[in-house]
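Enquirer: Okay, predicted coordinates and the sequence, questions at the end:
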Amino acid sequence: MTAGSVTSPVVTILTVTRGRRGAALVQELHARAEYMAAVTGRPVRFAGVHAPGGPLDPMVVRAVVDLIARSRPIVVVEALGQPGPAAAVAERALRASASVVTASEVLVAQCGPRLHDLAAAHGAAFLIACGGCPLPPLVVLAARPAGVAWAASHRPQPAGRCWG
């Protein structure tokens, strides 16, 4: 069974956030848990790692990458604000067939096309919470079962140098 499999009885959402913006995103998701469960038709379970502001310890990133491998989330919401760690988390999640919703414009500018292609190769979605995109609907879209068309995801342009 893949992470996004239709037979998964629970939508597991892993939040990987940092700072005040990340904390606000986590609060928004928790506040909309009933909405997301109603739309997906499955209970929603949250797990997460939140770091305070400032430089992110590489050990935290390694622990998150390991957590993704062990917990097999269906969706990973990334709001780290640092492109290197964000890319490592997004890549691991996509390789585990988990869809990724990112709030990082820098990650999108540097790695967006490559991550979009990686998502397509693993039956997942790479979605960007940019501008006026409300986060809970993007997470609901990302929780769709594998094999459902990802027409709403878009390839960010222009491509920049990919960190890593």
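Expert: In hand now; what should we look at?
Enquirer: Have a look at this structure and report its longest helix.
Expert: With secondary structure taken from DSSP state H, the chain has its longest helix at helix 105-121.
Enquirer: Which other helices and strands does the helix or strand that contains A37 contact?
Expert: A37 is part of helix 33-40, with elements assigned from DSSP states H and E. Packing partners of helix 33-40 (3 or more CB pairs under 8 Å, 6 or more residues apart in numbering; DSSP states H and E): strand 11-18, strand 44-51, helix 135-142. Using the backbone N, CA and C atoms, a C-beta is placed for each residue, glycine as well.
Enquirer: Which one of these lies nearest to P83?
Expert: P83 lies closest to strand 11-18 among the helices and strands packed on helix 33-40, at 12.3 Å (CB to CB).
Enquirer: Between the two ends of stretch 71-91, how far is it?
Expert: End-to-end distance for stretch 71-91: 15 Å, by CA to CA, to the nearest Å.
Enquirer: Could you give me the buried positions within it?
Expert: 72-91 (16 or more other CB atoms under 10 Å).
Enquirer: Now, the residues you listed that are in helices?
Expert: P83, G84, P85, A86, A87, A88, V89, A90, E91.
Enquirer: re earlier: what mean pLDDT does the helix holding A37 have?
Expert: For helix 33-40, mean pLDDT rounds to 88.
Enquirer: what does stretch 140-154 give?
Expert: Mean predicted confidence for stretch 140-154 is 57.
Enquirer: Next: stretch 94-107.
Expert: Rounded mean pLDDT across stretch 94-107 is 90.
Enquirer: And that stretch, how far out from the chain middle?
Expert: 4 Å (CA atoms, centre = their mean, to the nearest Å).
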